[in-house]
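quick check, what structure comes out for this input:
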Amino acid sequence: MPSIGVKLYSVFFKLMLKHRLQNRLQGLENDAVDAGGTFGVTSRPEEETAAAANPSFTDGVATKDIHIDPLTSLSIRIFLPDTCLYFPDAKTRSRIGIFNPGSDRNQAPVRRHSDGSSKDEFVSSSNEGIVGNRASKIDNGFRRSSNGGSIDYRGYNPVGNNCRRLPVMLQIHGGGFVSGSNDSSSNDFFCRRIAKLCDVIVVAVGYRLAPENKYPAAFEDGLKVLYWLAKQANLAECSKSLGRVGRGDLRRSEGNGHVANAFGASMVEPWLAAHGDPSRCVLLGVSCGGNIADYMTRKAVEAGKLLDPVKVVAQVLVYPFFIGSVPTHSEIKLANSYFYDKAMCMLSWKLFLSEDDFSLDHPAANPLSSDRQGPPLKQMPPTLTVVAEHDWMRDRAIAYSEELRKVNVDAPVLEYKDAVHEFATLDMLLKTPQAQACAEDIAIWVKKHISLRGHEFSY
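Here you go, the predicted model:
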């Protein structure tokens, strides 16, 4: 059974959540038109604490926020682990002279070039992290402001061609479609943990929330990020083919530089361009984010080569927000479970789906609905499902995994004893042994499918 502290916290959590959901539902009934318009909102600052982005490698992960759609509030937060700067293998790290074990991390390591010369490539300190290149011919950490002056930039800026490429993981947060955000303190902590354990670049999706924007806004936002990632990869490849390696090269090239700039090279996201490998893309959805991730995966399978070079190689559904009109055993036995019980979830679905579309067998709610569109299940990529013992939605997620296994899809289920819904991502439970074990188990399974050297990791 969950601890006394978890039980008490669950009582207060449910009271507060019920009050918020009922107020939103009542406000929606009183308003004839959505107040949010199409732009929408991606967070509710009055309900949760936001973690500020930090583009230096504090705690081993650098972060930045990007607003990627001018017509909506859709945004992303990128989590870049410092392993993108060196190879995790100790021998390789020692050979290239970066972060040699036993050396002082406050000293500027030296990279040896083939001609025998050496140049400072990175500088690291315990407070600032890796802040870029000190060589004068490469970006000195300054950015030009609108008034012509320069601004001292303390964040990481990729330089040169010796950048290690990492798989990209798109993470979609939970919150019942009506709350949560990609920059909340709890989601920030979870994404940092996943980025370091899985050795991937995590792109956390800040989709539009209900009831300001109902279905299919959140699902469309997730798909937009997937296509944005493909566009970024193509722009980066175009920039490379036009000879744009660094800012110095672009200035020296009077012909190709202008073409690259006019084509949109300035729009390339530097972290993803230097370190991202979109051919190894994993989708990870938490709670209702699992529903969005599953939709994105189906659309990616449908798109096929139209999404090149992005290839979704696996998806992870962490206690997905699945439901259906015919109740399962857990939906009956655990209807009044901890944190998100069945009554709360019903309110969330009423806020997310329009009155005309409301149905517990809606394709967004039930992955095995007869109205489900998209490719057959046998074409789905490997799917890991994480469930909690005391989660009333557990059986529905397990049933979906079983259907995938019937058509020979690699679809294991991890069930955690004495765990509750949101046990791996809720602020109070993030530092529990269960949450840490869950993240480590996800990393083991994900690495099996993103490894460049085959399935060297066994699960």
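
any idea how far residue 12 is from the closest residue to residue 69 other than its chain neighbours?
Once its chain neighbours are removed from consideration, residue 69 has its nearest residue in residue 224; the separation is 6.3 Å (CB to CB, 6 or more residues apart in numbering). All C-beta spots, glycine's among them, are computed from the backbone N, C-alpha and C. If you measure residue 224 against residue 12 using CB to CB, to the nearest Å, the figure is 36 Å.

for residue 277, which three-state class applies?
With DSSP: H, G, I helix; E, B strand; the rest coil as the basis, residue 277 sits in strand.

thought it was touching residue 169?
No: contact between residue 277 and residue 169 fails when scored by CB atoms under 8 Å: they sit 11.0 Å apart.

the more surrounded of these two?
When residue 277 is set against residue 169 and neighbours are counted by other CB atoms under 10 Å, the residue ahead is residue 169, at 26 against 19.

how far off centre is the helix or strand harbouring the more buried one?
Per DSSP states H and E, residue 169 falls inside strand 166-172. If you compare the mean C-alpha spot of strand 166-172 with that of the full chain, they lie 5 Å apart, counting by CA atoms, centre = their mean, to the nearest Å.

pull up the pairing partners for it, direction included.
Counting by DSSP bridges, the strands paired with strand 166-172 are strand 201-206 (parallel), strand 276-286 (parallel).

helix or strand right after the first one?
Proceeding C-terminally, strand 201-206 gives way to helix 217-241 as the next helix or strand, assigned by DSSP H and E.

on that earlier part again, so which of the strands paired with strand 166-172 is the most surrounded?
Across the strands paired with strand 166-172, the average number of neighbours (mean count of other CB atoms under 10 Å) peaks for strand 201-206, which reaches a mean of 27.

just the C-alphas of that one, formatted as PDB.
The C-alpha atoms that make up strand 201-206 are tabulated as PDB, following Å, rounded to 0.1, in the frame of the first residue of the first chain:
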ATOM      1  CA  ILE A 201      18.000  15.200 -26.300                       C
ATOM      2  CA  VAL A 202      14.600  15.600 -24.700                       C
ATOM      3  CA  VAL A 203      12.200  18.000 -26.400                       C
ATOM      4  CA  ALA A 204       9.300  18.700 -24.000                       C
ATOM      5  CA  VAL A 205       6.100  19.700 -25.800                       C
ATOM      6  CA  GLY A 206       4.100  22.600 -24.400                       C
END
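
distance of residue 188 from residue 346?
On the measure of CB to CB, residue 188 and residue 346 end up 29 Å apart.

looking at these two, which one has more neighbours?
For residue 188 against residue 346, the residue with the higher neighbour count under other CB under 10 Å is residue 188, and the figures read 23 against 14.

next, that one: phi, psi?
Note on residue 188: its backbone torsions stand at phi -60, psi -40 [degrees, to the nearest 10].

wait, it touches residue 61, no?
No: using CB under 8 Å, residue 188 is not in contact with residue 61, being 9.3 Å away.

what number of residues lie near residue 220?
Under the criterion other CB under 10 Å, the count of neighbours that residue 220 has is 17.

so what pLDDT did the nearest residue to residue 279 once chain neighbours are set aside get?
Using CB to CB, 6+ apart and skipping residues adjacent in sequence, the residue nearest residue 279 is residue 311, 5.0 Å away. Reported pLDDT at residue 311 in the predicted model: 96.
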